[in-house]
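# Just to be clear, the model below is a prediction. Sequence and coordinates:
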Amino acid sequence: MKIIKFLARVSPYQPNETAGFPEEVAKSYVDAKKAEYVNAGKAGKKGAATTESDAGAGGSKDETAIGAPEA
């Protein structure tokens, strides 16, 4: 299983959405330049995953979900 981030719209996915696929399927999206692989961070930590292109650029950023109650 590989996690990818879409770079272009591929129904039903929008650009910047992530999804997990079997290795062969993920590779076909990456080879077609429709997606890039995601490097998994700590499991369960929101925003912990980074893409290969983000690896040297500071990684992820903390984001609050829209409509989420403030703490």
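It's in. Numbering: from 1, shown residues only.

# Tell me which helix or strand in this structure has the weakest average pLDDT.
strand 50-51 (a mean of 60; mean pLDDT, DSSP states H and E).

# Number of residues surrounding residue 39?
For residue 39, the neighbour count with other C-beta atoms under 10 Å is 13. (Each C-beta comes from the backbone N, C-alpha and C, glycine too.)

# Use 56 as the first number for this chain going forward.
Sure, I'll start numbering at 56, so the last one becomes residue 94.

# and the gap between it and residue 60?
Computed as C-beta to C-beta, to the nearest Å, the residue 94 to residue 60 distance reads 10 Å.

# so how far does stretch 68-83 reach from one end to the other?
Counting by C-alpha to C-alpha, to the nearest Å, you get 15 Å between the two ends of stretch 68-83.

# Tell me the buried residues in that stretch?
68, 74, 81 (16 or more other C-beta atoms under 10 Å).

# Mark which of these are part of helices, please.
residue 81 (DSSP state H).

# and of the buried residues of stretch 68-83, the nearest to residue 89?
Using C-beta to C-beta, residue 68 comes nearest to residue 89 of the buried residues of stretch 68-83, at 9.0 Å.
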